[in-house]
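Participant: Predicted model and sequence follow; I will ask about them next.
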Amino acid sequence: MDLKELYRAVIMDNYKNPKNKGLKKTDRYHFVHLNNPSCGDDMNVEILIEDGIVKEVHHDGKGCSICCSSASVMSEVLTGKTVSEAKEIINDFYEVVKGNSPEDEERLGEAIAYMGVKDFPARIKCATLSWKACEQAIKEVESDEK
Ligand code: ZN
């Protein structure tokens, strides 16, 4: 199995068996909804931040395999990270899908599988939608705390 096949397998596995899928919809969580009209992706993300740690990330949405699988990977990768680490990982992911090297590949975990997206510029928005929702949620939680 070459690297491309391995990455494809990661994406399909997360599409078929998404992790952390389903919203809790309680006041403990901060909720953000974003959509991507160019593909029809529709994504909801909710996060729980406590003591500067991303304790939980949930997602629910409809869309293409790139978008939905990416939400699963995002939730896995960011759960348990500090808020500042999470923000760095999110920025690294934006670089990876554009074909640039991340600052810290190790931390990206399965998210590195999306490096092939650079060859399909129209799908970059699909891959980053849930990450953008999570980034916005983190920012909103931070500004609420100030
Ligand atoms: Zn899409």
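Facilitator: Structure's in. What do you need?

Participant: Now I47. Nearest residue, chain neighbours left out?
Facilitator: A137 (4.8 Å; CB to CB, 6 or more residues apart in numbering). Yep, even glycine has a C-beta here, placed from its N, CA and C like the rest.

Participant: Tell me, how many residues neighbour that neighbour?
Facilitator: For A137, the number of neighbouring residues by other CB atoms under 10 Å comes to 22.

Participant: What backbone torsions are found at it?
Facilitator: The phi and psi torsions at A137 (degrees, to the nearest 10) take the values phi -60, psi -40.

Participant: Which positions within stretch 92-105 qualify as buried?
Facilitator: Applying a neighbour-count criterion of 16 or more other CB atoms under 10 Å, the buried positions in stretch 92-105 are 92-94, 96-97, 102.

Participant: Same question for stretch 108-120.
Facilitator: Residues 108, 110-117 are the ones in stretch 108-120 that count as buried (16+ other CB under 10 Å).

Participant: Can you pull up the most central residue in the protein?
Facilitator: For the chain, the residue nearest the mean C-alpha position is M74 (3.1 Å; CA atoms, centre = their mean).

Participant: going on from the helix or strand harbouring that one, what's the next piece of helix or strand?
Facilitator: In this structure, M74 sits in helix 65-78 according to DSSP states H and E. Using DSSP H and E, the next helix or strand after helix 65-78 towards the C-terminus is helix 83-97.

Participant: That following helix to helix 65-78, inter-axis angle?
Facilitator: Relative orientation of helix 83-97 versus helix 65-78 (axes from the mean of the first three to the mean of the last three CA atoms, to 10 degrees): 150 degrees.

Participant: Having no further points to raise, I will conclude here.
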